[in-house]
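Peer 1: my questions concern the predicted model and sequence given below.
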Amino acid sequence: MEVTGIIEKIEKQQTASKEELAFLLENISDTELEVLRKKAQQTAIKAFGKSIYIRGLIELSSYCKNDCYYCGIRRSNKNAVRYRLSEEQILDCCKTGYALGFRTFVLQGGEDPYYTDERMCKIVREIKKNYPDCAVTLSLGERGKESFKKLFEAGADRYLLRHETANPEHYKKLHPPEMSYENRIKSLYELKKIGFQTGAGFMVGSPFQTYEDLANDLLFIGELKPQMCGIGPFVPHHDTQFADKPQGSLRLTLTLLSLIRLMNPKILLPATTALGTIAGGGRELGILHGANVVMPNLSPSEHRADYSLYDNKICTGDEAAECIRCLSRRMKSIGYNIVTDRGDYK
Ligand code: 5AD
Ligand code: FES
């Protein structure tokens, strides 16, 4: 096997075998990565030009009933500071965001039972009523098919639920026994079937992950065909059992971004905050490797530090307006422009 041949195959067929993908991930040289990067960037430019879609991220709750081993807001972390936003606070974030040019609001939170279907549907309806030209994305975990349906009927357009890993054995090493790989995957298929533009995704360099696992993740994306895919490096959180595990590498994350772009030319692919956290200019590099979305934080500044999934998260001290100015400048510096657009999947 040789890496160049595999890259050409992916370019032609949008896929490769598990063995080929794992081999590429393990062996790609800097020169070959530059070839892959250019192809991925050209693919993104063909689909989106030099426009970057923005999503206003509203972190509505740091309460979570789950206990994922990697996450700083897991329920057993007694040191986590818990908060939840009221409907009024959420609508305030949207108001600020709309004025700044956001046309997508992402409501993300831990799995917090306080946000019942009734409360959540009301929030979604209010946002859609006030901002009919905006998309609402939810990222609220595994709520079950009936809940997903109600939220869709209330007007939510998109749903993000990272699959985290497409290997059930690996999934078990990252999650407590009461969490189920099967339910996670089933949820993703349900979301798609209901009509959501659906996002899957995974962490790069999560503990116990192998190149073969990552190859599986790429093939899973090819199978599910989600409209969005969120990936970022694993970053340890000091209050978790993975505190001493190494963080995911920048180079491997960038390689995966390029592969995802080449295998899924039209997918909405964010350069994530975690990527910006592990390296200065990380999100810019993400864009240059084929990403086309950034998700600035719109959460109220006083709560930002408390939505702490991993250590050293960037943007926790900034106002929404500062974040968007900063990102706008960063995107311009590499020849791209942030656009005021819902940025739907085409
Ligand atoms: N490092 C990187 N990403 C993390 N996430 C949770 N904890 C961490 C961590 N320690 C990601 C998960 C989750 C998303 C909301 O954040 O992939 O789906
Ligand atoms: Fe938040 Fe730069 S994007 S401060």
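Peer 2: Thanks, I have it. Numbering: from 1, shown residues only. Ligands and ions are numbered 1, 2, ... in the order given.

Peer 1: list the buried residues of the helix or strand containing Glu19.
Peer 2: Following DSSP states H and E, one finds Glu19 within helix 18-27. For helix 18-27, a neighbour-count test (16 or more other Cβ atoms under 10 Å) marks Glu20, Leu21, Ala22, Phe23, Leu24, Leu25 as buried. Backbone N, C-alpha and C define where each C-beta goes, glycine included.

Peer 1: quick check: nearest residue in space to the last one, chain neighbours excluded?
Peer 2: Counting by Cβ to Cβ, 6 or more residues apart in numbering, the nearest residue to Leu25 once its immediate chain neighbours are dropped is Tyr211, at 4.6 Å.

Peer 1: the one you found against Glu26, yeah?
Peer 2: Yes. Assessed by Cβ atoms under 8 Å, Tyr211 is found in contact with Glu26 at 4.8 Å.

Peer 1: quick one: the helices in the stretch 201-346 of the chain?
Peer 2: 211-224, 250-263, 273-278, 282-288, 301-304, 320-333 (DSSP state H, counting those that start in this stretch).

Peer 1: burial measure for the residue in the stretch 1-150 of the chain positioned nearest to ligand 1, as a count.
Peer 2: Nearest residue of the stretch 1-150 of the chain to ligand 1, counting by Cβ to the nearest ligand atom: Cys71, 3.9 Å away. By other Cβ atoms under 10 Å, the residues close to Cys71 number 22.

Peer 1: contacting residues around the closest residue in space to Thr15 that isn't next to it in sequence?
Peer 2: Take Thr15 and drop its neighbours on the chain: the residue closest to it by Cβ to Cβ, 6+ apart is Gly222, 5.6 Å away. Gly222 is in contact with Gln14, Thr15, Met263, Asn264, counting by Cβ atoms under 8 Å, 6 or more residues apart in numbering.

Peer 1: out of these, which is nearest to Ala99?
Peer 2: For the contacts of Gly222, the closest approach to Ala99 (Cβ to Cβ) belongs to Asn264, at 33.0 Å.

Peer 1: so what's the closest residue to the closest one other than its chain neighbours up against?
Peer 2: Nearest residue to Asn264, sequence neighbours excluded (Cβ to Cβ, 6+ apart): Ile221, at 6.4 Å. The contact partners of Ile221, by Cβ under 8 Å, 6+ apart, come to Ala200, Cys229, Ile260, Met263, Asn264, Ile267.

Peer 1: in the residues you listed, find the pair that's most separated.
Peer 2: Of all pairs in the contacts of Ile221, the most separated under Cβ to Cβ is Ala200 and Met263 at 13.2 Å.

Peer 1: higher neighbour count, these two?
Peer 2: Ala200 (27 against 22).

Peer 1: quick check: which element contains that one?
Peer 2: If you go by DSSP H and E, Ala200 is part of strand 197-204.

Peer 1: related to what we said a few turns ago, can you tell me the SS state at the residue of the stretch 1-150 of the chain closest to ligand 1?
Peer 2: coil (DSSP: H, G, I helix; E, B strand; the rest coil).

Peer 1: where's the closest residue to it other than its chain neighbours relative to Gly97, distance?
Peer 2: With sequence-adjacent residues excluded and distances taken as Cβ to Cβ, 6+ apart, Cys71 is closest to Leu309, at 5.4 Å. Separation of Leu309 from Gly97 (Cβ to Cβ, to the nearest Å): 21 Å.

Peer 1: before we move on, what about Gly109?
Peer 2: 17 Å.

Peer 1: ok, Gly56 next?
Peer 2: Noted for Gly56: a distance of 4 Å to Gly97, by Cβ to Cβ.

Peer 1: shared neighbours of the two, anything?
Peer 2: With Cβ under 8 Å, 6+ apart, Gly56 and Gly97 have common neighbours Phe105, Leu298, Ala320.

Peer 1: near ligand 2, which residues of the protein show up?
Peer 2: Neighbours of ligand 2 within the chain, by Cβ under 6 Å from any ligand atom: Pro296, Cys315, Asp318, Glu322, Cys323, Cys326, Leu327.

Peer 1: between those residues, which is nearest Ile338?
Peer 2: Nearest member of those to Ile338, counting by Cβ to Cβ, is Leu327, at 6.5 Å.

Peer 1: would you confirm that the closest one contacts Ile334?
Peer 2: No. Applying Cβ under 8 Å as the test, Leu327 and Ile334 come out as separate, 11.4 Å apart.

Peer 1: which parts of the chain are strands?
Peer 2: Assigned by DSSP state E, the strands in the chain fall at 51-54, 56-61, 104-109, 135-139, 158-160, 197-204, 228-233, 293-294, 337-339.

Peer 1: so what strands line up beside the third one?
Peer 2: Going back to what we said before, that points to strand 104-109. strand 56-61 (parallel), strand 135-139 (parallel) (DSSP bridges).
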